[in-house]
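Asks: no sequence on hand, only this structure:
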């Protein structure tokens, strides 16, 4: 019986040795970010920044794009096609935002894959777009002046 006690004591002492501490990081934010939002934040917001002041803008905010291109009757497919037309050939003739073209000029032709443009289109169409604090007042003022703020006939 004595050897059994010795073995148990040795086992107990061996298990009490210091062990390496293992740390784990837990990500409690399991919400996935829409890939279109990531593209907007890394590529589009350089010019279409929702935080730029009205005076310091390089381009209209994307909420303005959404309000000009999407009405209650606009399908997601139509919006996606219209955005593709604009990206393929950004010219004054293809513009729907005449005031933005007057103020900022025509958007330069950008290299964005069709897949990425589809992600951006999906995000803009289906999600709330961040807007500058001043935008709602500006939008309502333009409507009062009688400027069309909704999409025109599709091309």
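Replies: That came through fine. Because the structure is predicted, anything quoted here is derived from the model rather than measured.
Asks: where in this protein is pLDDT low?
Replies: Scanning the chain for pLDDT under 70 picks out 1-30, 146-155.
Asks: which parts of it are helices?
Replies: Along the chain, the segments classed as helices by DSSP state H run 2-15, 35-39, 62-69, 76-88, 98-104, 114-126, 135-144.
Asks: including mean neighbour count, could those helices go into TSV?
Replies: The C-beta positions use only the backbone N, C-alpha and C, and glycine is treated the same way. Shown next, in TSV, are the helices of the chain (neighbours: other CB atoms under 10 Å):
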stretch	mean neighbour count
helix 2-15	9
helix 35-39	17
helix 62-69	20
helix 76-88	16
helix 98-104	14
helix 114-126	17
helix 135-144	13
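Asks: out of those, nearest to residue 45?
Replies: Proximity to residue 45, assessed across the helices of the chain by CB to CB, is greatest for helix 62-69 (7.9 Å).
Asks: and the angle for that closest one with helix 76-88?
Replies: 110 degrees (axes from the mean of the first three to the mean of the last three CA atoms, to 10 degrees).
Asks: stretch 40-57: how far from the chain's middle?
Replies: Stretch 40-57 sits 12 Å away from the centroid of its parent chain (CA atoms, centre = their mean, to the nearest Å).
Asks: related to what we said a few turns ago, could the helices of the chain go into a markdown table alongside distance to residue 48?
Replies: What follows is the helices of the chain, written out as a markdown table (distance: least, CB to CB, whole Å):
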| stretch | distance to residue 48 |
| --- | --- |
| helix 2-15 | 61 |
| helix 35-39 | 12 |
| helix 62-69 | 5 |
| helix 76-88 | 13 |
| helix 98-104 | 10 |
| helix 114-126 | 11 |
| helix 135-144 | 12 |
